[in-house]
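Asker: Could you work out the structure for the sequence below:
(2 chains)
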Protein chains: 2
Amino acid sequence: MLCTHFLHPPLALSILSSSSSSSSSSSFPSSSRSSLQLSACCSAMEDDDGSSKSKSKSKFKEFPFVSVSHKSLMLDLVSTLENRFQSQLLPSTLPPHVQHYQNTASTAQASLHIRAGHPHSSIDFILGSWVHSELPTGGSLDITSLSGYLNSSNDAPNFVFEMIRSSPTVLVLILDLPPRKELVLWPDYLQTFYEDTQLDKHRQALATLPEVQPYFSSSLYIRTSASPTAIMVRIQTANDGGERMEEIIANHLDPISKQVLGIWLDHCACAKREVGEADRACLKKRDGLIRNKTIEIDLGSSFPRLFGPEVANRVLEVIKEYFTV
Amino acid sequence: MLCTHFLHPPLALSILSSSSSSSSSSSFPSSSRSSLQLSACCSAMEDDDGSSKSKSKSKFKEFPFVSVSHKSLMLDLVSTLENRFQSQLLPSTLPPHVQHYQNTASTAQASLHIRAGHPHSSIDFILGSWVHSELPTGGSLDITSLSGYLNSSNDAPNFVFEMIRSSPTVLVLILDLPPRKELVLWPDYLQTFYEDTQLDKHRQALATLPEVQPYFSSSLYIRTSASPTAIMVRIQTANDGGERMEEIIANHLDPISKQVLGIWLDHCACAKREVGEADRACLKKRDGLIRNKTIEIDLGSSFPRLFGPEVANRVLEVIKEYFTV
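Answerer: Predicted coordinates for the structure are as follows:
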């Protein structure tokens, strides 16, 4: 979505959708997801981190195609998120062929990790993913993402994180807490989640690096769904084989990403928000509209192109279960 | 507002407020403005461009402190706007001491130009302004602005334009059609006014210049009120006395600004929009909320600092007549 021409839709979806999918006031997921969750609850095949013991169960956390610092950052973010909400997350119930999949030519492969929140939690679900695709020009495109979605019992922003690497020396970073209310109409919401948390200082810190430039998505819809403190940057380093990029990831992206995730965990996901019935209905409507638009944009573009229509449909059908309000 | 620490509030207001102030379904301005308009209708002291014949009447269009290309651009934009809507605009009725004012030390002076729309027009008012302020470090700060506001009979975006120059080699440009509906919820609105009009190509064209960098307002509220195609850039040229900046203004800012104004005139201000009573009420509420927030941010900050509390209050009271829904 953010990079419509080369992005993998699950990742794109994770960025675009500033919404949650819980559809009832009890925070219980929509009926279409109940079966997934039921099977999760009944599963005896879970390991410590909640993954089912399939052949491809651990593929997601292997991050086999990215650099050392990139993998380290992803693993830290995933473990921070899962450890913080351990008791609130159901085990992953994705079928193996959705946890890991590839195109028929084996030039593109991907891994997906989704865990829904417990009915009593304000976490709707968390979604992680990586995509590796060989480029016709040589080299590869590697995308890793992690996002957290809240349900309508909590109107706080969601969390989205994505790293898109098209060469060892070029990286696009998306790091944002997309708002779930219109900020110009809700200055208190802006104050609470964006000003009081001093989110913008992280964007400012990153902007001081000479290799960092603002990144503008080609999708106006994506731009408009971002918060005013969104970190959307393109980083290009000298042709040193990626050494400087590794430094930037380890010394800058790593601490900044962890701090922003920390803000989301402490001030958004765990916020005690009073969301009345009317506000909840508005929130659900907003979430639903954004998700529909997201899926509409994604379905017709990069995903089938990367993985072929059959694989694309198979995976997207499962993802829709989580994204549909 | 956009540059809270040095901006003149009327200019700031002109940028911030993505709203119109007409408060009735007949498009007639609020009662507090009626007296102004009545006196305008009864005035026999108007010249061809609708200004009253006071001593300071032409000060606004003199732009006495800015460069040749800067002045030329401002005059072209103002005349294009006024000529296009000649029959729809009432003459200016600002009192002379609001048309032109300065601080007691005479280190800061400013000119203001406001013309309200006729009751049958969808133009609420147009606002132009310039500010000149000597800087303690030497040199001066010069701000020129022009904006157009629609009333609630037309929900199309407004128009804002502002050039802020703190030295011959540094310029901030704000050029935007701020939306008056929440774009993530109204993709058709996004499509109509921002995608179909190809607004973003102008931002992209400007971004190719090496001297141009994105500009981030220190106010998150300002950032969030902008459209996804907003041109908010900081331009810094080499120390050549401003020669290159003049080239950039004449060869790039000039055509781009005129094209964006043309889009606003053709596709927004003259749009035939169906705005039902319910939508009109929402629009008015939204416009009102944004204006209140704008004034709240502005009143306490740069304006009294630049002109002192007495002058600031005098001018702001008049401006409020136009901005208050």
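
Asker: Against residue A:192, how distant is the residue nearest the centre of chain A?
Answerer: When CA atoms, centre = their mean is applied to chain A, the residue found nearest the centroid is residue A:147 (2.9 Å). When CB to CB, to the nearest Å is applied, the distance between residue A:147 and residue A:192 equals 21 Å. No exception for glycine: its C-beta is placed from N, CA and C like everyone else's.

Asker: same question, residue A:291
Answerer: Distance from residue A:291 to residue A:192, counting by CB to CB: 24 Å.

Asker: These two: which is more packed in?
Answerer: Taking other CB atoms under 10 Å in any protein chain shown, residue A:291 and residue A:192 do not tie; residue A:291 has more neighbours (23 against 17).

Asker: Counting by contacts, list what the helix or strand hosting the residue nearest to the centre of chain A packs against.
Answerer: According to DSSP states H and E, residue A:147 maps onto strand A:140-150. Contact analysis of strand A:140-150 by 3 or more CB pairs under 8 Å, 6 or more residues apart in numbering or on different chains; DSSP states H and E lists helix A:9-16, helix A:68-84, strand A:123-134, strand A:159-167 as its packing neighbours.

Asker: any chance of those in TSV, plus mean neighbour count, mean pLDDT and distance to residue B:217?
Answerer: Written out in TSV, the entries for the helices and strands packed on strand A:140-150 read as follows (neighbours: other CB atoms under 10 Å in any protein chain shown; pLDDT from 0 to 100; distance: least, CB to CB, whole Å):
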stretch	mean neighbour count	mean pLDDT	distance to residue B:217
helix A:9-16	30	36	23
helix A:68-84	17	98	29
strand A:123-134	25	94	32
strand A:159-167	24	95	23
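
Asker: Can you name the residues of chain A sitting close to chain B?
Answerer: By CB under 8 Å from any CB of the partner chain, the residues of chain A that approach chain B are A:18, A:182-185, A:187, A:190, A:194-195, A:200, A:203, A:214, A:216, A:220-221, A:223-225, A:227-229, A:286, A:289-290, A:293.

Asker: sorry, back to before: so the residue nearest to the centre of chain A is in contact with residue A:127, correct?
Answerer: Yes - in this structure residue A:147 lies within contact range of residue A:127 using CB atoms under 8 Å: 5.1 Å.

Asker: re the thing from before, ok, and for the strand holding residue A:147, which residues are buried?
Answerer: Buried residues in strand A:140-150, counting neighbours by 16 or more other CB atoms under 10 Å in any protein chain shown, are found at A:140, A:141, A:142, A:143, A:144, A:145, A:146, A:147, A:148, A:149, A:150.

Asker: Please tabulate those residues in a markdown table, including the columns pLDDT and distance to residue B:66.
Answerer: Converted to a markdown table, the buried residues of strand A:140-150 look like this (pLDDT from 0 to 100; distance: CB to CB, whole Å):
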| residue | pLDDT | distance to residue B:66 |
| --- | --- | --- |
| A:140 | 95 | 51 |
| A:141 | 94 | 47 |
| A:142 | 96 | 49 |
| A:143 | 94 | 47 |
| A:144 | 96 | 49 |
| A:145 | 94 | 47 |
| A:146 | 96 | 49 |
| A:147 | 93 | 47 |
| A:148 | 94 | 49 |
| A:149 | 92 | 50 |
| A:150 | 95 | 49 |
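
Asker: For those residues, could you give me JSON lines that also reports distance to residue A:105?
Answerer: As requested, the buried residues of strand A:140-150 are arranged in JSON lines below (distance: CB to CB, whole Å):
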{"residue": "A:140", "distance to residue A:105": "14"}
{"residue": "A:141", "distance to residue A:105": "15"}
{"residue": "A:142", "distance to residue A:105": "18"}
{"residue": "A:143", "distance to residue A:105": "18"}
{"residue": "A:144", "distance to residue A:105": "22"}
{"residue": "A:145", "distance to residue A:105": "23"}
{"residue": "A:146", "distance to residue A:105": "28"}
{"residue": "A:147", "distance to residue A:105": "29"}
{"residue": "A:148", "distance to residue A:105": "33"}
{"residue": "A:149", "distance to residue A:105": "33"}
{"residue": "A:150", "distance to residue A:105": "38"}
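
Asker: Return the closest of those residues with respect to chain B.
Answerer: The closest of the buried residues of strand A:140-150 to chain B turns out to be residue A:149 (CB to the nearest CB; 15.4 Å).

Asker: my guess is that closest one contacts residue A:124, does it?
Answerer: Yes - counting by CB under 8 Å, a contact exists between residue A:149 and residue A:124, whose distance comes to 4.3 Å.

Asker: ok, how many other residues are close to residue A:213?
Answerer: Once other CB under 10 Å is used to define contacts, residue A:213 is seen to have 15 neighbours.

Asker: Likewise for residue A:65?
Answerer: 18.

Asker: What is the three-state secondary structure of it?
Answerer: Reducing the assignment at residue A:65 to three states with DSSP: H, G, I helix; E, B strand; the rest coil gives coil.

Asker: residues contacting it?
Answerer: When contacts are counted by CB atoms under 8 Å, 6 or more residues apart in numbering or on different chains, residue A:65 is found next to A:130, A:132, A:140, A:142.

Asker: Need the max-distance pair from those.
Answerer: Of all pairs drawn from these, the one with the largest separation by CB to CB is A:130 and A:140; the distance is 11.7 Å.

Asker: just to revisit the earlier point, now the contacts of residue A:65 as JSON lines including distance to residue A:277?
Answerer: Formatted as JSON lines, the entries for the contacts of residue A:65 read as follows, by distance: CB to CB, whole Å:
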{"residue": "A:130", "distance to residue A:277": "39"}
{"residue": "A:132", "distance to residue A:277": "45"}
{"residue": "A:140", "distance to residue A:277": "49"}
{"residue": "A:142", "distance to residue A:277": "44"}
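
Asker: out of those, which one sits closest to residue A:160?
Answerer: With CB to CB as the yardstick, the closest approach to residue A:160 among these comes from residue A:130, at 15.0 Å.

Asker: was I right about the closest one contacting residue A:146?
Answerer: No - counting by CB under 8 Å, residue A:146 is not a contact partner of residue A:130; they are 9.8 Å apart.

Asker: For the two, list the residues in contact with both.
Answerer: When contacts are counted by CB under 8 Å, 6+ apart, residue A:130 and residue A:146 have residue A:74 as shared neighbours.

Asker: Residue A:286 is in contact with residue A:180, isn't it?
Answerer: Yes - counting by CB under 8 Å, residue A:286 touches residue A:180, with 6.7 Å between them.

Asker: Please work out how many residues are found near the closest residue to residue A:275 other than its chain neighbours.
Answerer: Distances taken as CB to CB, 6 or more residues apart in numbering or on different chains put residue A:155 closest to residue A:275, at 5.2 Å, once the chain neighbours are dropped. A total of 26 residues lie near residue A:155 under the criterion other CB under 10 Å.

Asker: Any chance of the backbone angles for residue A:155?
Answerer: The phi and psi values for residue A:155, taken as degrees, to the nearest 10, are phi -90, psi 10.

Asker: any idea how far chain B is from it?
Answerer: Going from residue A:155 to chain B by CB to the nearest CB, to the nearest Å gives 15 Å.

Asker: Then residue A:92?
Answerer: Counting by CB to the nearest CB, the gap from residue A:92 to chain B is 29 Å.

Asker: Is that residue in contact with residue A:111, as I believe?
Answerer: No - in this structure residue A:92 lies outside contact range of residue A:111 using CB under 8 Å: 11.4 Å.

Asker: what is in contact with these two at once?
Answerer: With CB under 8 Å, 6+ apart applied, the overlap between the contact sets of residue A:92 and residue A:111 consists of residue A:99.

Asker: surely residue A:257 meets residue A:70?
Answerer: No - taking contact to mean CB under 8 Å, the distance of 11.1 Å between residue A:257 and residue A:70 leaves them out of contact.
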